[in-house]
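**Student:** Sequence plus the predicted model coming up.
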Amino acid sequence: MDEQTRMLAGLGALGGLSQADVGDPDSVRKQQSLGQPQQDIGDILQQIMAITDESLDEAQARCWPEEAPAQWTPQREGELGGSTAGCALPLNFQHRKHALNCHRMKPALFSVLCEIKEKTVLSIRGVQEEDPPDPQIMRLDNMLLAEGVSGPEKGGGSAAAAAAAAAAGGSPNDGSIEHSDYRAKLTQIRQIYHSELEKYEQACSEFTNHVMNLLREQSRTRPISPKEIERMVAIIHRKFSSIQMQLKQSTCEAVMILRSRFLDARRKRRNFNKQATEVLNEYFYSHLSNPYPSEEAKEELAKKCGITVSQVSNWFGNKRIRYKKNIGKFQEEANLYAVKTAVDAANVSAQASQANSPATPNSG
DNA sequence: CGTGATGATTTAGA
DNA sequence: TCTAAATCATCACG
């Protein structure tokens, strides 16, 4: 809007007309030695400028309703008449616009205005453009990508989420039970994020289309270069991308909160079930001379107990040190499991012998 | 609520 | 990277 004013001022200067000159038909008539029949150029210019002002008001009232009320006086609201391109315009405005479009001098003037404008807009354009990508939004993007919120859809996303979850747990905890909860929550966040993003994008393109239609419609009356439209679109996109940044920011926040909760939850301890403890103890006491299960043995135990390999490692680490510290205290337990394993072995061998000699079933 | 048990984490060493 | 040892944090029980 500020630029509009500047441009119009520049326009007057370039044409050798000050704002005052334009407002004074006589001075224009003096310059136009040919002497126009009915209306002079000053009038037309005035009208074009008046339309420019009005259409801007209209555009604002239409496009930024929350900012508009200050510009809408009650009288003008009453004036609302026909509509063009979905835009309600005052009737007298329509009349003037039509009259202007029919004026035979209009095309020539219009092209001159367009030319002047093209030059001024170009010079303005050169100064501030090509803004570098916002480092903050880049950081947010990277973060969301790393967390598996943005980036590839569904399949890749959940894989990234799993990776993020694994990363959150450091080296241990390749487990899946608690992670599924984390993943579910992350998926929820991702869905919200994507739906919101889509909403914003839709709104943005809708609004852009609307503005472009508006400007295109207006460009028939007042000089609007394609570049200017482009610029307008860029401005709109910048506005919307700042909204997007807010969305990204809050999504990041949500992920961080989820993550910290997850880390806290990870520290929360839950005793293994009785069966798991039994399996582990059985292995421990039956390998008391060397209670160091191999990687395969750990995996097997983990599977049997429904825990992770690192949990098995933790358990054996704790068990070894605690057993060593107070063997006496564990003696009872040791005996118990020794008997248990002995009985089991007996059972197994009995069954084996039974299976091996079915002809003599009464041997047990 | 105090206390021991227990799973997880941290630290240091090989 | 694995382990011992110390330590933390929570559970479970009286």
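**Tutor:** That came in fine, so what should we check first?
**Student:** where are the low-confidence patches of chain A?
**Tutor:** Filtered on pLDDT under 70, chain A yields the residue ranges A:1-40, A:44-45, A:48-101, A:118, A:121-132, A:151-183, A:257-267, A:352-364.
**Student:** what does it have sitting close to DNA strand C?
**Tutor:** Contact residues (C-beta under 7 Å from any atom of the strand) of chain A with DNA strand C: A:171, A:264, A:267-271, A:292, A:295, A:313, A:316-318, A:320-321, A:324. Yep, even glycine has a C-beta here, placed from its N, CA and C like the rest.
**Student:** let's see 10 Å
**Tutor:** By C-beta under 10 Å from any atom of the strand, the part of chain A that sits against DNA strand C consists of A:171-172, A:264-265, A:267-273, A:290-295, A:298, A:309-310, A:312-314, A:316-325.
**Student:** Now, of those residues, which are buried?
**Tutor:** Those of the residues of chain A next to DNA strand C that meet the buried threshold are A:272, A:293, A:298, A:309-310, A:312-313, A:316, A:319, A:323, by 16 or more other C-beta atoms under 10 Å.
**Student:** and the nearest residue to A:Asn281 once chain neighbours are set aside, what is it in contact with?
**Tutor:** Closest residue to A:Asn281 apart from its sequence neighbours, by C-beta to C-beta, 6 or more residues apart in numbering: A:Tyr337 at 5.3 Å. By C-beta atoms under 8 Å, 6 or more residues apart in numbering, the contact set of A:Tyr337 is A:281-282, A:284-286.
**Student:** Just those residues: which are in helices?
**Tutor:** Judged by DSSP state H, the subset of the contacts of A:Tyr337 located in helices is A:281-282, A:284-286.
**Student:** Same list (those) but as CSV, adding neighbour count and distance to A:Ala342.
**Tutor:** Shown next, in CSV, are the ones in helices among the contacts of A:Tyr337 (neighbours: other C-beta atoms under 10 Å; distance: C-beta to C-beta, whole Å):
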residue, neighbour count, distance to A:Ala342
A:Asn281, 19, 14
A:Glu282, 17, 11
A:Phe284, 21, 15
A:Tyr285, 21, 11
A:Ser286, 16, 10
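**Student:** Now flag whichever of those residues is closest to A:Asp141.
**Tutor:** For the ones in helices among the contacts of A:Tyr337, the closest approach to A:Asp141 (C-beta to C-beta) belongs to A:Phe284, at 49.6 Å.
**Student:** related to what we said a few turns ago, restrict the contacts of A:Tyr337 to contacts with DNA strand B.
**Tutor:** With C-beta under 10 Å from any atom of the strand as the criterion, the contacts of A:Tyr337 include A:Asn281 near DNA strand B.
**Student:** Identify the farthest-apart pair in the contacts of A:Tyr337.
**Tutor:** Farthest pair in these, by C-beta to C-beta: A:Asn281 and A:Ser286, 9.2 Å.
**Student:** if you skip the residues just before and after it, what's nearest to A:Glu295?
**Tutor:** That would be A:Val309: by C-beta to C-beta, 6+ apart, it lies 7.7 Å from A:Glu295.
**Student:** so which of the contacts of A:Tyr337 comes closest to DNA strand C?
**Tutor:** Comparing the contacts of A:Tyr337 against DNA strand C with C-beta to the nearest atom of the strand picks out A:Phe284 as the nearest, at 11.7 Å.
**Student:** May I have the phi/psi pair for A:Met105?
**Tutor:** Dihedral pair for A:Met105: phi -80, psi -10, per degrees, to the nearest 10.
**Student:** Count residues in the vicinity of it, would you?
**Tutor:** For A:Met105, the tally of surrounding residues (other C-beta atoms under 10 Å) stands at 14.
**Student:** so it makes contact with A:Ile41?
**Tutor:** Yes. Contact criterion C-beta atoms under 8 Å: A:Met105 and A:Ile41 qualify, at 6.7 Å.
**Student:** Sketch out the strands for chain A, chain order is fine.
**Tutor:** Taking DSSP state E, the strands of chain A run over residues A:80-84, A:87-90.
**Student:** ok, A:Gly306 - contacts?
**Tutor:** A:273, A:276.
**Student:** so how far is A:Arg270 from it?
**Tutor:** A:Gly306 sits at a distance of 12 Å from A:Arg270 (criterion: C-beta to C-beta, to the nearest Å).
**Student:** Run through the residues that contact the residue lying closest to A:Leu301 once chain neighbours are set aside.
**Tutor:** Leaving aside its chain neighbours, A:Leu301 sits nearest to A:Val312 (5.0 Å; criterion: C-beta to C-beta, 6+ apart). Taking C-beta under 8 Å, 6+ apart, we find A:Val312 in contact with A:280, A:293, A:298, A:301-302, A:305.
**Student:** Apply 7 Å and report the result again.
**Tutor:** A:298, A:301-302 (C-beta atoms under 7 Å, 6 or more residues apart in numbering).
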